[in-house]
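Asker: The following comprises the amino acid sequence and a computationally predicted model.
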Amino acid sequence: MKSVTISKTHVTTKYEKDDFEMFKNELFFYLLGKQKRLNYIPKLVSYDCDKLIICTENVGTTLEEYCNSKEELDEFLPKIRNIYNRFVKLGYYHNDLRYKNIIIDPDTKRLYLIDFEFTSREYKDLDDENIVKNLKKKKRTKSK
């Protein structure tokens with residue numbers, strides 16, 4: 001279990017001791033984002049390995065909260081496909097791609113991925129919203 005505190009400028013996530021592996025995985029991807037200057041991962045502000053805390057920049061709101069309909073969500077599929085494919089090219093699968101794990105900056109409409117607890121080099125998607133399947137389906141439809 002984790003607790004998330006959101007302020008105007010930061011998102012702070014605190015993990016329980018039992019969730020140490022999730023903490024490590026999450027921290028790894030924020031560090032990777034920082035090292036490779038990935039503009040689709042919010043900036044890591046600070047972290048504390050003893051207290052299992054990760055603090056990142058607050059870059060907006062979830063697509064789930066931002067959009068009012070499935071049609072409105074679907075309009076973002078090309079942008080989601082772009083950042084997802086860039087992430088996969090690095091050799092990683094998010095494995096929990098849901099609209100609540102995609103953040104949008106309401107001013108710039110820029111998208112960010114968050115929640116990397118299940119991300120790995122192996123594809124084992126837990127996405128019950130079928131975003132990855134929709135990304136592939138829309139691509140096939142577009143190329144016909």
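Answerer: Thanks, I have it. Bear in mind that the values here come from a model prediction, so they are computed numbers and not experimental data. Numbering: from 1, shown residues only.

Asker: could you give the mean pLDDT of stretch 102-111?
Answerer: Here stretch 102-111 scores 97 as its mean pLDDT.

Asker: contacts for that stretch?
Answerer: 39-40, 42, 59-63, 66, 76, 79-80, 83, 112-114 (Cβ atoms under 8 Å, 6 or more residues apart in numbering). Yep, even glycine has a C-beta here, placed from its N, CA and C like the rest.

Asker: Give me the residues contacting the longest helix seen in the chain.
Answerer: The single longest helix within the chain, with elements called by DSSP state H, is helix 20-35. Residues from elsewhere that reach helix 20-35 (Cβ under 8 Å, 6+ apart): 2, 13, 15, 38, 41-44, 47, 49, 52, 54, 56, 90, 92, 115-120.

Asker: among these, which are in strands?
Answerer: If you go by DSSP state E, these have 2, 13, 15, 44, 47, 54, 56 in strands.

Asker: bridging residues for Ser120?
Answerer: Tyr93 (DSSP bridges).

Asker: quick one: it and His94 touch, right?
Answerer: No - Ser120 is not in contact with His94 according to Cβ atoms under 8 Å; the separation is 9.3 Å.
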